[in-house]
Every structure is written in C-alpha cells, then in structure tokens.
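[1] What would the 3D arrangement of this be:
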Amino acid sequence: MPHSTNTLDDLTRATGGRPLTSDVARDAELGPAAIDSRRVEPGEVFWAMRGPNYDGADFADEAFRRGAAGVVTTRAIDAPKGHWAVQVDDTAEALQRWAEYRRRHFTGTVIGVTGSVGKTTTRQMIHTVLQSRLSGTASPRNYNNHVGLPLSMFALRPDHDYSVLELGASRPGEIAALAGLCRPKVGVITQIGDAHLGGFGNRQGIARAKAELLAALPPDGRAVLGDDPWLRSVAEGCHAEVTWVGTGDNCHVRAADVHTGQGHLTFRVEDCRFRVPVWGRHHLSSALAAVGVARILGFDLDEIAAALGNFDPVPMRCEVFEIREATVINDTYNSNPTAMQAALELVRDFDVTGRRIVVAGDMGELATEAISRHFQLGRQIVATGGAELLIACGRFARYVTAGARSLGMPPARAICCETVDEALPHLGQTLQPGDLVLIKGSRMMAMERLVEALQQYPKRRSA
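    Below you'll find the predicted structure:
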C-alpha cells in the first residue's frame, strides 16, 4: 500500500515543525484542516493562524474540546493525552509548505478555476461530472485565497485522479501566486466582468490578472475559456492548447438551441441534449466549461449530460423557492455589476402573476466607480429587471433608488434603507402571493439574513 503522505511525520518534515507531544502515533493519518476553532469537527487539525489582533493559539483549548486531533501553533501549548501539537515559526508559511508538499506527491490532474463570475458553480459542475466516474476532490465552499487554497489542497491524496481548485483574486499577482502553489494542468476562466474594480481598475486589468492562470499552465496543459472578447485578447500568450466554449461558430465546444425555464437550462452540443437543473441562462458558461474539461479527461458527451442532469445547485446562488406563496430568488452569496445584470435578466424572464421586486444590497470593491455603478444598477433594475418595487439597502442605497427613479419608478416604490434589518419590514409587510423577489448583495452585506428572517416573518392577515 503506498505511503499516504498525510501523517504527523510528513507534517513535521514538510513544515520544519517541532512535535510537542510524544504519545501519539506519528504514522497515523491526519484529518482535514480547520482555521476556526468554533467550527472544528472531531478528528480535524486546527491551524492556529495569527493576525494583527489575534493569535489562534489562544483558542487551542477550545479546538481540543471540540475534538481536534492536533494543533499547529507558533507557541508551545499542552495537548491533552492522545492528542498532539506541532510548533512552527509561522503558521501561514507552514500552511504553504504543507500544501506544496501535498502537491509534490499528487499525480492526478489539477484543474484551476477562476473568472469574475461563476467560479464556484463552474468548479462544482466540473466536480459533479468528473466524480461520476473518477476519484477526486474540489475546493470546499469558496476556499480560493492564500489561506483557503492550501486548505483545499490538504484533501489531495495519491490515489485521486483529479482536484478542482478555485482561484480568486482582488489585485494583480494573486492568481500567479495561487497557481504557482497548486500548479494546475488544466486552467479554466469563466468570464471577465466588473468585479474587484478597486484592485484592478478596469476590465482590461481584470483580464490580465485572470490570464496569470494561463501563464502558469505547462506547454502540455490545457486551457478552457469562455468565449469572452477580453479573454480572446489575452489568450494569445497561453502556451497550452486552448478550448473555447460558448455559442459562437468559432468555439470548440458550442452550445445551440439554448433555452431556460421552470428551473432548467437546456442546450445541445453536437447531437447531445443537455438538461441542467439551474435557473438562468448565465449558468451556460459554467456548464460548457464542465463539458470542455470532461472531454479533455476522456468523457463522452452522453456521460457528461447524464452527470450534469444530476447537478445540485450551490446554496445562495440563484436558489429559487417559495415563501408565503411568493417566489424568492436567493442570490445572496455575492454581487458585482456583471452578476447583477445576469440576475436581473433572470427576473425579467420569469413568468409571474404578481409584482417583480428587487432587494439590492451594496456591491463591494468598486472604488471610485461605486456611486456611478450603483446609480446605473438602479436604472438596470427598472430597464432590465422590470421591477415594480425596489428596496435598496446599504451605504450606496440612495444612489440605487435615485437611478430607479430617474427611469420613472415612483418614489414610494423605490425604498432606501441603511441596513438589511431595516429592509425586512418593508418587504415582509408588502409581500403578496404571486410576487417574485430577487435578493442580492455583496458578501459583506450578508443578505441571506433577510431570506432567513423572511421565512420566519408572520403572514399577512386577510382584510
């Protein structure tokens, strides 16, 4: 049986750590990693990260109480009997070294996924298809930064065929660093949109940053790219073979007969029909990326279609359900101008018997464009979404409502709130059977609180 490369001995060698305990088997396999002591599960390894105002070592006892098998820490601590602790000079650096070690011993295909929108859904669609026949893993949640990516890589095992890893960035150079750590063989870029403008400046800057993934691919690697003009402009420097996916005639994986409705996206690739259980046409790029990657790994179209037919949508990304006989689109995970446009197109295309209502939270990281982008959002809510009621909340809410009013929305129907909590009564008291409600905002707004509260809100009494 091959060595697992995931033991306490391996950890100390890879990180240069010093064991603080001697009564634990050093060849025992390590469990998953955690960096939040409050969320430690039995058997996990707690990495006591340090920050400007905290030291994770202060929470080692809590981690042990919750069942942590061991702790990686920068200072000496006492581990309970049967548990272990390893002391390192720097937990963040040790995190990187341990991830590098795991990557060196991984022979499967690493697939890196980035893009302005759709990263998480694309990652999950690829994983859904590949795991139908192969053994592998994918980033949990949105573990896509300098801490999350190493944590995702801790799941790499020598017997895995693949790993799908999400790469995120808010400024130039971050994708290059992440790609250098995980060394992908296949790189996927979904689309270039207006996200993190504060760090990149404009779409050209965003495209150059995402193209750092292409530069990291080996000559015998493969790139799967959404048919985006900005990606076309930066793909020329890619040394790996490129597979373009989209609806254009110049795409290698081309979708035709695209339709959406009743919670499904349907399309055809060559002679194969696809029926994916998601809401909205904007999921097409994610589905096609999954097709492109799976084809590279030897899947045929019928296999891919069958797997995507069983796709389980990612929570808080265009989740559609009923509350009090009204339809709610819970798209609260994050927001940017490109993602808002896609969500508003979904609102537009819905068949509704009541009103179209949009609850819009602030979009983050727009820097000097924040005011103009939020004003433009208000106009899009009317022009694209066809909304009859707007509830905007956050620092830039007044600019969203001003934009909506500039296209004729009556002031009484363009409601400005400072907080999510303030928005709830406005929505709760007006929601009626047959209404359609989109709830969306950036992660910092935690708009899902509104969905949770709405589910508990008392029903309206009949007159």
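
[2] name the helices or strands packed onto the strand or helix carrying residue 294?
    In this structure, residue 294 sits in helix 284-296 according to DSSP states H and E. Other helices and strands packing on helix 284-296, by 3 or more CB pairs under 8 Å, 6 or more residues apart in numbering; DSSP states H and E, are helix 119-130, strand 186-189, strand 222-226, strand 241-246, strand 253-261, strand 264-269, strand 272-276, helix 301-308. Every residue, glycine included, has its C-beta placed from N, CA and C.

[3] now that helix, how far from the centre of its chain.
    Computed by CA atoms, centre = their mean, to the nearest Å, the chain-centroid distance of helix 284-296 equals 17 Å.

[4] Report the angle between that helix and strand 222-226.
    With axes from the mean of the first three to the mean of the last three CA atoms, to 10 degrees defining the directions, helix 284-296 sits at 160 degrees from strand 222-226.

[5] Could I get the CA-only coordinates of helix 284-296 as CSV?
    Taking Å, rounded to 0.1, in the frame of the first residue of the first chain, the C-alpha atoms of helix 284-296 are listed here in CSV:
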residue,chain,number,x,y,z
LEU,A,284,-24.4,28.2,-19.6
SER,A,285,-20.8,29.2,-19.4
SER,A,286,-20.3,27.1,-16.3
ALA,A,287,-21.9,24.1,-17.9
LEU,A,288,-19.9,24.4,-21.1
ALA,A,289,-16.7,24.7,-19.1
ALA,A,290,-17.6,21.4,-17.4
VAL,A,291,-18.1,19.9,-20.8
GLY,A,292,-14.8,21.2,-22.0
VAL,A,293,-12.8,19.9,-19.0
ALA,A,294,-14.6,16.5,-19.0
ARG,A,295,-13.9,16.0,-22.7
ILE,A,296,-10.2,16.6,-22.0
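
[6] Could you measure from the spatially most central residue of the chain over to residue 126?
    Geometric centre of the chain, nearest residue: residue 120, 3.3 Å, by CA atoms, centre = their mean. Distance of residue 120 to residue 126, given as CB to CB, to the nearest Å: 11 Å.

[7] One more: residue 217?
    Distance from residue 217 to residue 126, by CB to CB: 16 Å.

[8] try residue 292
    9 Å.

[9] can you list residues touching both of the two?
    Common contacts of residue 292 and residue 126 (CB atoms under 8 Å, 6 or more residues apart in numbering): residue 188.

[10] which outside residues touch stretch 233-252?
    187, 204, 207-208, 210-211, 214-215, 217-227, 253-256, 258, 284-285, 288-289, 291-292, 295-296.

[11] Now which of those residues would you call buried?
    Among the contacts of stretch 233-252, the ones that count as buried by 16 or more other CB atoms under 10 Å are 187, 207-208, 210-211, 214, 217, 221-227, 253-255, 284-285, 288-289, 291-292, 295-296.

[12] Off-centre distance for the strand or helix carrying residue 423?
    Using DSSP H and E, residue 423 maps to helix 420-430. Centroid displacement of helix 420-430 relative to its chain, using CA atoms, centre = their mean, is 28 Å.

[13] what residues are up against residue 400?
    Per CB under 8 Å, 6+ apart, neighbours of residue 400: 360, 374-375, 377-378, 381, 390, 392, 416.

[14] Export these as JSON lines, with columns for distance to residue 149 and neighbour count.
    Shown next, in JSON lines, are the contacts of residue 400 (distance: CB to CB, whole Å; neighbours: other CB atoms under 10 Å):
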{"residue": "360", "distance to residue 149": "31", "neighbour count": "33"}
{"residue": "374", "distance to residue 149": "31", "neighbour count": "25"}
{"residue": "375", "distance to residue 149": "36", "neighbour count": "18"}
{"residue": "377", "distance to residue 149": "31", "neighbour count": "27"}
{"residue": "378", "distance to residue 149": "36", "neighbour count": "28"}
{"residue": "381", "distance to residue 149": "35", "neighbour count": "29"}
{"residue": "390", "distance to residue 149": "38", "neighbour count": "26"}
{"residue": "392", "distance to residue 149": "34", "neighbour count": "28"}
{"residue": "416", "distance to residue 149": "39", "neighbour count": "20"}
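
[15] Check which residues of the one helix or strand residue 343 maps to are buried.
    Using DSSP H and E, residue 343 sits in helix 337-349. For helix 337-349, burial by neighbour count (16+ other CB under 10 Å) applies to 337-347.

[16] Quick check: phi and psi on residue 105?
    Phi and psi for residue 105, reported as degrees, to the nearest 10, are phi -100, psi 10.

[17] Just list the residues touching it, thanks.
    5, 156, 158.

[18] Distance check, the second one against residue 133.
    Computed as CB to CB, the residue 156 to residue 133 distance reads 19 Å.

[19] The two - which one has more neighbours?
    residue 156 (25 against 13; other CB atoms under 10 Å).

[20] Test my guess that the more buried one contacts residue 103.
    Yes - when contacts are counted by CB atoms under 8 Å, residue 156 is listed as touching residue 103 (6.7 Å).

[21] which is the next helix or strand following the helix or strand where residue 163 lies?
    Applying DSSP H and E as the criterion places residue 163 in strand 162-166. Using DSSP H and E, the helix or strand that follows strand 162-166 in sequence is helix 174-182.

[22] got the CA coordinates for that following helix in CSV?
    Extracted C-alpha coordinates of helix 174-182, given in CSV (Å, rounded to 0.1, in the frame of the first residue of the first chain):
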residue,chain,number,x,y,z
GLU,A,174,-2.6,36.9,-6.6
ILE,A,175,-3.6,34.4,-9.3
ALA,A,176,0.0,33.9,-10.3
ALA,A,177,0.9,33.1,-6.7
LEU,A,178,-2.0,30.7,-6.2
ALA,A,179,-1.3,29.0,-9.5
GLY,A,180,2.3,28.7,-8.5
LEU,A,181,1.3,26.9,-5.4
CYS,A,182,-1.2,24.4,-6.9
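
[23] quick one: it to strand 162-166, angle?
    160 degrees.

[24] Report the rounded mean pLDDT for helix 174-182.
    Mean pLDDT, computed over helix 174-182, is 96.

[25] buried set for it?
    Of the residues in helix 174-182, those buried (16+ other CB under 10 Å) are 174-179, 181-182.

[26] could you say what helices and strands that helix packs with?
    Using 3+ CB pairs under 8 Å, 6+ apart: helix 174-182 touches helix 91-104, strand 109-114, helix 148-153, helix 203-210, helix 212-216.

[27] So which of the ones you listed is the most surrounded?
    Mean neighbour count (mean count of other CB atoms under 10 Å) peaks for strand 109-114 among the helices and strands packed on helix 174-182, with a mean of 27.

[28] Neighbouring strands - and their directions - for that one?
    If you go by DSSP bridges, strand 109-114 pairs up with strand 162-166 (parallel), strand 186-189 (parallel).
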